[in-house]
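1. make a model of this:
(2 chains)
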Amino acid sequence: MNIKAQLGRVRMRITPQVVIAAIFLILLSYMVLVPIIIMIKETFTVHPMEQFQIPGTKAGDLTLNHWWKIFTSELSPNLFYKPLLNTLIVSTCLALLSLAIGGILAWLVVRTDLPFKKFISNMAMIPYIMPSWAMSLAWITLFKNPRVGGSQGLFQFITGLETPNWFAYGMFPIIITLSIHYFPFGFTMIAGALKNIDSQLEESAELLGASRGQVLKKIVFPLVTPVIFSTFLLTFSRGLGTFGTPSFLGGPVRFYVLSTMLRANLVGQRTGLGYIIALVMIFIGVLILYMDYKLVSVRKSFVTISGKSGKSGLTRLGRARKPITVVVIGFLLMVTAVPFFLLAIESFMLIPGNYSFSNFTLHYWIGEATTKIGLGTGEAGVLRNTNIMRALWNSIRLGFSCAIVAGASGVLIGYTVVRLRGRKVAQLLDQMAFLPYLMPSIAFGSIFLALFATQRGPIPSLYGSFALLVLACSVKYLPYASRSGIAAMLQIGPELEEAALLQGANWWTRMRRIIFPLQKSSFFSGLLLPFISAMRELSLVVLLVTPGIQLATTITLNFTDRGWYPYTNAVMVLIVFAILFSTFISRKLMKTDLAKGIGG
Amino acid sequence: MGISKESHPSSANRLEHVRDGGLKGGIMKKSLLLLCVLLTLLATSPLFAAGTKEAPKAAAAPVVEENWDQIIAAAKAEGTVVVYSTTSRITDAAKMFEAKYGIKVESHRLSEVEVIARLSQEAAAGVVGADLAILEDYPSMKMLLIDQGVLFNYTPPAAREGLAPADQNPLVFAHVSRIIGYNTEKYTSDPFKSIWDLTTPEWKGKVMIRDLAITGEHQNFFSEIIRRSDELAADYQKRFGTPLVLREKNAGYEFMRRLIENDLILRDSDTTICEAVGKKGQVDPPVGFIYVYSKHRDAVAKNLAVTYSANVQPFGGYYYNQYIQQLKGQKHPNASKLFTEFLMTQEGFSAWSKDLGFYSSNENLKGYENDLPWSYWKTRLWTYEPQYAIENRGNILDAWIKYMK
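-> Numbering: from 1, shown residues only, chains lettered A, B, ... in the order given. Prediction:
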């Protein structure tokens, strides 16, 4: 008792978690709250282009017109309510589907005697590594009907059947393709959590006569609830903000979502209207975040990593093992190989769309700069194009820097939020760390530019620096790391640390010797998503890069712009390989094998 | 933010921890809050100040005699020029300029929306990121950048000689054309007499357009359809022999509504539209409404059967301008002048005259040999009236959204 009281008092002083919370809150309030305040202010301001639509005003005047127009005008149904409904349906289905696919895969890989686990774990990340448009492109190539013209869809070519419009375009394919793109979130996060569950719990239950269903319901689900909610939250929010896929697959049947309306109003230079829509998206995200917080905190914590050792026992799939393996690998091949093939093949065709054998070439990879061959671009093939290679190197550097900054912050935030659980500070930190994720990239990018372009008090100017890119991407993707950090920390009981504390271990030692080793696989999966995302980011960084520091994604704009898709696709293939290669190397260096970590 | 919740301690130990911490936490929280507020104020005040500051009016630059030997020497001393551009061909022009003068051109390609956002945010922060910009979307450029004193005009000698006065300020660099394209395998002769044909049952579900909601120049152009709605109404009468029955304010809005209600197909890129229209072997190919004509340049290489409608009335498409503007506070003023001059000459423009669909604002310059001259296109294409577009573009987007079912 005496010791405990003493311990309590020690922890009460300025504990590391309080200090960390304070530091992060200050940093985040500058980088997150300020942008939101700017956005809110814009929604009450007449923009120069709007003064003619809002009679009797001039640019800069205060107005309520935007709010009125969005929520109560005759335009509201089409401008807001219908897109909102579409968005909610897409996001919900997307989140549930990614959860289901990711969850089943994770369970199979972590908890059963499924073969080829390493291969499956690696494959399961590839849909997210590829750009999301690769998936929508694949969908259209396979399932389009004559409505959008061009060459025949492969499905129709083979079967002679025309796909119905609802199947080819609009909500249905948007949900499917986005789910395929985002289920890796569910896979990594749930796999990480499952891995941390001491299987003795399940075995004990089974010994006590619980059926498999009961074990799942009473033990596994409650234990992975936090991570399920995190996954739901992350994928749902992606569904809110994503623009490319709805625009590409929804356009042919005039299917609009909130992100389309946001973009339309930004293109129309009606920033006020656009930001209201953005704020609604942020609000919905916060609402789910709040529900998550409520639910998880009501359930108290389930500590699954205790001081005791737990060795996983694997569920035997028995006779189902073979068919399940075939289905899993078949599914993964379909969702990775098909889009990847379509992505890659275009970089090998001298003239896009011409599939004859003589048209295949390495010109766009290793060709010299010439205007005589193919599209006559006068650009050197990507592998000998120094500008592209430099840009690719910048992207790799950005990915790593961002992963390290976001990953480390994520573990610290996870630690802090969990150790301070139940306090408002923890909740605030949790929410603040999540907000940037909900902000539309294009708005976030432009506000970030304004915040850091010049020196403000103690905050230095980062204009045109690489650091600004790292900062923006790290903040934007912090939620991946912080969510997996929180989910992982919820499973680590305080007694390990308390024991160490009794032994006189200081905070740094505790982190280094206890928290980080236990968190290694979660930490790694927390790193992976920011890394991949940063390497593929475009709309956030396009306003922040300068001609001197181009990224692989921004440099492709030059090609896409002119319809030089072989280059764009070749660069995307390089990005995919760079991501795969970098994860491979870092696993070796960090001695943290993702596949092994998840595969148990 | 979130609603606070009393702690849920799972043990007595934690309860003590939390309760004790709550007190100090309160103080901490308050000071934290204070800090956040301070930071917020610190950050927002200069921003807001910058946003509302009175912009100096762009004064008409007096034409001064320039000493070009001095300018060239100074430009070479500056050594670099930085340009933001909505056209990626700038990289080709940059190479030629570098070879000729030894001055490095750093070019950065941005979309029409991004270039406006970037320039205005940088200006608000007091940063000058480039020396000059090539940009589109006159209304946004005028209202958000020129009138705010972010950009100013410079008319180089080549433009003073060769350009119509109206094109000199703001300096028009080139015209870009958008046309109505159809498949020549399916339609051996021009299927359109009037743009109203696109709203008839025959073309239901077959008309493709780059979504106006995400295409600023479309928003500008449709204001012209409204402005010249009488011509549209007259054309309807001429085509069908009966007067147009209006459900909307005027023939322009009526056209928009009928176009959408005829099961319009929205796409997100002009390249996609051109390929969809021109692909050979289609039973029932779509038609492309006002996509960039330059997409036809690869028609032969890509084996597309596509051409533009030459007979459609009252407009065969539209064109918009690309402008060259200087940034206030530019770091390399002489190199920027020299590069502007270079772009306005035959040599600089050759980066654009290799292909269809781009026309110099200087009619004396040679264009692409396989394209018709600007004098032909000028009479066939509409463009938008700048001030009218500024005032009405918002209504266009509203109407577009309203007509979507």
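2. so where do the strands sit in the stretch 51-200 of chain B?
-> In the stretch 51-200 of chain B, the segments counted as strands under DSSP state E, counting those that start in this stretch are B:80-85, B:104-109, B:132-135, B:151-152, B:172-183.
3. which strands or helices does the second one pack on?
-> Which is strand B:104-109. helix A:552-561, strand B:80-85, helix B:90-101 (3 or more C-beta pairs under 8 Å, 6 or more residues apart in numbering or on different chains; DSSP states H and E). C-beta: built from backbone N, CA, C; applies to glycine.
4. any chance of those in TSV, plus distance to A:Met349 and mean pLDDT?
-> Converted to TSV, those look like this (distance: least, C-beta to C-beta, whole Å; pLDDT from 0 to 100):
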stretch	distance to A:Met349	mean pLDDT
helix A:552-561	14	79
strand B:80-85	28	94
helix B:90-101	23	93
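5. the spatially closest residue to A:Val571 that is not a sequence neighbour and chain B, how far apart?
-> Spatial nearest neighbour of A:Val571, chain neighbours left out: A:Thr556 (4.9 Å); criterion: C-beta to C-beta, 6 or more residues apart in numbering or on different chains. Distance, A:Thr556 to chain B, by C-beta to the nearest C-beta, to the nearest Å: 10 Å.
6. domains in the chain, by residue range?
-> If you meant another chain, say so; for now it's chain A. By the assignment in automatic domain parsing, chain A contains the domains A:74-320, A:385-600.
7. that's the wrong chain, I meant chain B
-> According to automatic domain parsing, the domains of chain B span B:68-173+B:320-369, B:176-319+B:397-403.
8. ok, which of those domains comes nearest A:Phe255?
-> domain B:176-319+B:397-403 (9.0 Å; C-beta to C-beta).
9. is the closest one in proximity to chain A?
-> Yes. Against chain A, domain B:176-319+B:397-403 shows contacts by C-beta under 8 Å from any C-beta of the partner chain at B:205, B:208, B:211, B:213-216, B:219, B:260, B:264-268, B:271-272, B:275-277, B:279, B:281-286, B:295, B:298, B:301-303, B:397-398, B:401-402.
10. end-to-end on that domain?
-> One end of domain B:176-319+B:397-403 to the other measures 28 Å (C-alpha to C-alpha, to the nearest Å).
11. sorry, back to before: the strands of the stretch 51-200 of chain B: lowest mean pLDDT?
-> Set side by side, the strands of the stretch 51-200 of chain B give their lowest mean pLDDT on strand B:104-109, at a mean of 90.
12. partner strands of that strand and their direction?
-> Sheet pairing here is set by DSSP bridges, and for strand B:104-109 it gives strand B:80-85 (parallel).
13. that older thread, TSV please, covering the helices and strands packed on strand B:104-109 and showing distance to B:Asp190.
-> Converted to TSV, the helices and strands packed on strand B:104-109 look like this (distance: least, C-beta to C-beta, whole Å):
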stretch	distance to B:Asp190
helix A:552-561	30
strand B:80-85	35
helix B:90-101	34
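14. who touches the closest residue to B:Val283 other than its chain neighbours in this structure?
-> In space, and not counting its chain neighbours, B:Val283 is closest to A:Pro146: 6.7 Å by C-beta to C-beta, 6+ apart. A:Pro146 makes contacts with A:Gln152, A:Glu162, B:Gln282, B:Val283, B:Asp284, as judged by C-beta atoms under 8 Å, 6 or more residues apart in numbering or on different chains.
15. among the residues you listed, which one sits closest to B:Leu381?
-> For the contacts of A:Pro146, the nearest to B:Leu381 is B:Gln282 (27.0 Å; C-beta to C-beta).
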